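K.L.:
whatever this is, show me its structure:
(2 chains)
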Amino acid sequence: MNVDAGTLAAIRLTVQLAGLTTLCLLIIATPLAWWLARSKSRWRVPVGALVTLPLVLPPSVLGFYLLLALGPEGPLGQLTQALGWGVLSFTFTGLLIGSIFYSLPFAVQPMQHAFEAMGDRPMEVAATLRARPVDAFFSVALPLARPGIATAAILGFAHTVGEFGVVLMIGGNIPGRTRVVSTEIYGHVEAMEYAQAHVLSAGMLIFSFVVLLALARIRRSWGRVPS
Amino acid sequence: MSVSATEGEALAEGIELRFTLPRTGFDLEVDLRLPARGITVLHGPSGSGKTSVLRCVAGLERPHNGYVRIGDQIWQDDRRGHFLPTWRRALGYVFQEASLFEHLDVRANLHFGLRRDSDSRARQSLAEAIELLGIGHLLGRAPHALSGGERQRIAIARALAARPRVLLLDEPLSAIDHSRRQEILPWLERMRDELEMPMIHVTHSADEVARLATYLVVLEAGRVKASGAVAGVLSSLDLPVVVGEDAAALLEGELLERDVAWHLARVGFAGGSLWVADGGLPLGRRVRLRVLARDVSITTQEPGYTSIQNHVRGVVESMAGDVHPSQVLVRLRCGDSVLLARVTRRAMASLELGPGRPVWAQVKSVALVQ
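P.N.:
Modelled structure (predicted):
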């Protein structure tokens, strides 16, 4: 069983992409989930549906529109060029943006559920103890939503590792730059290199299984704490 | 009706609440002045708006046409567009169910408000609260390792530690099973008697009214049906929430003497005295007696050969129909105190009872509520 440099590069890139995506997701999805869980705005439902869209949309459709938006003629592409960042399609950054959209519902939903299950009470209690809203959010709401946040991070990471369609559409499968494990496997199979495909596929299988085990463990150990 | 409030000085510096809060079914409308010390009990059936009053005081709800003043602090004045958010109000709030932060241990829960209080006296007040509520041995525990009564005592201490101007208690005993309530009631009494701070306590329990209230506000469907010093409100005859099976008078008195041979103790009150079962309290102790109307009968002569040992001299003040048409509720003035008696209409007619008639009240049983 030989692991070549290309495979290693693909694994490294995958981990990088998934890690950065998870970080960005936590930053973006936490306030978004909070707003979705607490807001009484009439925009809540449409925004919620929009965030959930990648869950049901074929990844190729999402990838296609992102490709258009990020491309030289697209609105985001125009913006990034005006800012001097160049065109982001077929780059790692483009891939990162695509992954964030693609995995967003997987990060938002567990957090939103955690915030909803918490109810208004903890924030009210915090307010009666002199905590201003931002303070209460960080000192009460976030710690209480810990299981939801951990679930969001794990799902976001795992889902990004497993993405294929979006990567292919915006990334272009360029070795060392946008070629990740899932597209590497596809490449091996296309080239009839079943041995290499096996190594990576089995790795993904084990990884996914471990992720699900970890999730179950989180639910068991933190689920007991009423929140 | 409204029992006139004559607390005078205390009210001038006390609490003033005026607001309207639309709710499904009815509007909550409140216009109250409450004393600066002691426990004001908000009493009424569930759904009468008691909790909403507390939430408006705390700023957790925003009522209309609101005016909320606690002593010299104005928390809401809609005429001037003034509304302080909850976190800027110096209040303590104890919620109905245990509201400890589950991710923090007891000590961290108690320090939560403290850390946000810039005043150096806060630490001192926490130490006092821990002492007052007897929770020093629980500091290292996690909230889920505590009994319901312990949780509420810690929630109360946490509220007190923030040095509030008013302590708001929303049925803090209702989520605790009956036998465990005794874990908390004595602490609340102690707070009432020792703290220079008003408390507003919401409850639908007549027992808690009898034990805790110094001032009573009766709410029904969002309206204030009566408010005033507790003994006066409890003995007014036209209050549907007070009158009923549990109609009772409340007497404040002092333990005067003890009859060791018969295990009895005599409690004197303004207008007479009553023998009660000796509970071992020291002589001189201030106590409260609750006398149910159904345990009081009336005679027009001093009773002689009877098993009922407690006789109090009084004058019929007024009478009102009771729940059942066969019965009337009689309000007796005994010195400065008031007793309620439930008698049949036939007895009323044959004894020719009417306002001004001097009578003897026979009290069959008395409950010491403290």
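
K.L.:
any idea how far the residue most central in space within chain B lies from B:Gly38?
P.N.:
Geometric centre of chain B, nearest residue: B:Ala213, 2.2 Å, by CA atoms, centre = their mean. From B:Ala213 across to B:Gly38, the span is 8 Å (CB to CB, to the nearest Å). (Each C-beta comes from the backbone N, C-alpha and C, glycine too.)

K.L.:
then A:Leu83?
P.N.:
For A:Leu83, the distance to B:Gly38 - CB to CB - is 66 Å.

K.L.:
for the two, indicate the residue with more neighbours.
P.N.:
Set A:Leu83 next to B:Gly38 and count neighbours by other CB atoms under 10 Å in any protein chain shown: B:Gly38 wins out with 22 against 8.

K.L.:
ok, the closest residue to the more buried one other than its chain neighbours - contacts?
P.N.:
Closest residue in space to B:Gly38, ignoring its immediate chain neighbours: B:Thr214 at 3.3 Å, by CB to CB, 6 or more residues apart in numbering or on different chains. Going by CB atoms under 8 Å, 6 or more residues apart in numbering or on different chains, B:Thr214 touches B:35, B:37-40, B:192, B:229-230.

K.L.:
now tabulate these in a markdown table and tack on pLDDT.
P.N.:
Output for those, formatted as a markdown table (pLDDT from 0 to 100):
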| residue | pLDDT |
| --- | --- |
| B:Pro35 | 93 |
| B:Arg37 | 90 |
| B:Gly38 | 91 |
| B:Ile39 | 94 |
| B:Thr40 | 96 |
| B:Arg192 | 86 |
| B:Ala229 | 89 |
| B:Val230 | 86 |
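
K.L.:
tell me where the chain has helices.
P.N.:
Defaulting to chain A. A:5-38, A:44-56, A:59-70, A:75-82, A:92-118, A:121-128, A:133-136, A:142-144, A:146-161, A:165-166, A:181-190, A:194-223 (DSSP state H).

K.L.:
actually chain B
P.N.:
Going by DSSP H, chain B shows helices at B:9-12, B:50-58, B:106-115, B:121-133, B:148-161, B:185-194, B:206-212, B:230-234, B:345-350.

K.L.:
ok, A:Tyr194 touching A:His188?
P.N.:
Yes - with contact defined as CB atoms under 8 Å, A:Tyr194 counts as touching A:His188 (7.3 Å).

K.L.:
looking at these two, which is more packed in?
P.N.:
A direct count of neighbours by other CB under 10 Å for A:Tyr194 and A:His188 places A:His188 higher, at 21 against 11.

K.L.:
list the residues that contact that one.
P.N.:
Counted by CB under 8 Å, 6+ apart, A:His188 has contacts A:194, A:196-197, A:200.

K.L.:
now it: how far from chain B?
P.N.:
Counting by CB to the nearest CB, to the nearest Å, the gap from A:His188 to chain B is 47 Å.

K.L.:
how about the residues of chain B by chain A?
P.N.:
B:58, B:60, B:85-88, B:91-93, B:95, B:99, B:101-104, B:112-113, B:116-117, B:144, B:158-159, B:162 (CB under 8 Å from any CB of the partner chain).

K.L.:
narrow the residues you listed to just the buried residues.
P.N.:
Buried subset of the residues of chain B next to chain A (neighbour count, 16 or more other CB atoms under 10 Å in any protein chain shown): B:58, B:60, B:86-87, B:91-93, B:95, B:99, B:101-104, B:112-113, B:116-117, B:158-159, B:162.

K.L.:
so who does the residue of the stretch 201-350 of chain B found nearest chain A touch?
P.N.:
Among the residues of the stretch 201-350 of chain B, B:Val202 lies closest to chain A, at 14.7 Å counting by CB to the nearest CB. By CB under 8 Å, 6+ apart, the contact set of B:Val202 is B:41-42, B:50-51, B:53-54, B:169-171.

K.L.:
pLDDT added to these, as a markdown table?
P.N.:
Shown next, in a markdown table, are the contacts of B:Val202 (pLDDT from 0 to 100):
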| residue | pLDDT |
| --- | --- |
| B:Val41 | 94 |
| B:Leu42 | 95 |
| B:Lys50 | 93 |
| B:Thr51 | 93 |
| B:Val53 | 95 |
| B:Leu54 | 95 |
| B:Leu169 | 95 |
| B:Asp170 | 94 |
| B:Glu171 | 91 |
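
K.L.:
out of those residues, flag the one nearest to B:Val359.
P.N.:
For these, the minimum distance to B:Val359 (CB to CB) is 30.7 Å, reached by B:Val41.

K.L.:
distance of that closest one relative to B:Leu212?
P.N.:
Distance check for B:Val41 against B:Leu212: by CB to CB, it reads 6 Å.

K.L.:
now do the shared contacts for these two.
P.N.:
Shared contacts of B:Val41 and B:Leu212 (CB under 8 Å, 6+ apart): B:201, B:203.

K.L.:
skip the chain neighbours and tell me the closest residue to B:Asp336.
P.N.:
B:Ala270 (3.6 Å).

K.L.:
re earlier: so which of the contacts of B:Val202 wins on neighbours?
P.N.:
Neighbour max across the contacts of B:Val202 (other CB under 10 Å) = B:Leu42, 32 neighbours.

K.L.:
contacts only, for it.
P.N.:
B:50, B:53-54, B:200-203, B:217, B:219.

K.L.:
adding distance to A:Leu212, write these out as TSV.
P.N.:
Below are the contacts of B:Leu42 laid out as TSV (distance: CB to CB, whole Å):
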residue	distance to A:Leu212
B:Lys50	48
B:Val53	50
B:Leu54	46
B:Ile200	51
B:His201	50
B:Val202	47
B:Thr203	49
B:Val217	56
B:Leu219	53
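
K.L.:
out of those residues, which comes closest to A:Phe138?
P.N.:
Nearest to A:Phe138 among these, with distances taken as CB to CB, is B:Leu54, at 27.0 Å.

K.L.:
ok, the residue of the stretch 151-300 of chain B found nearest chain A - contacts?
P.N.:
For the stretch 151-300 of chain B and chain A, the shortest gap (CB to the nearest CB) falls at B:Ala162, measuring 5.8 Å. For B:Ala162, the contacting residues are A:129-130, B:90, B:92, B:113-114, B:116-117, B:122, B:125, by CB under 8 Å, 6+ apart.
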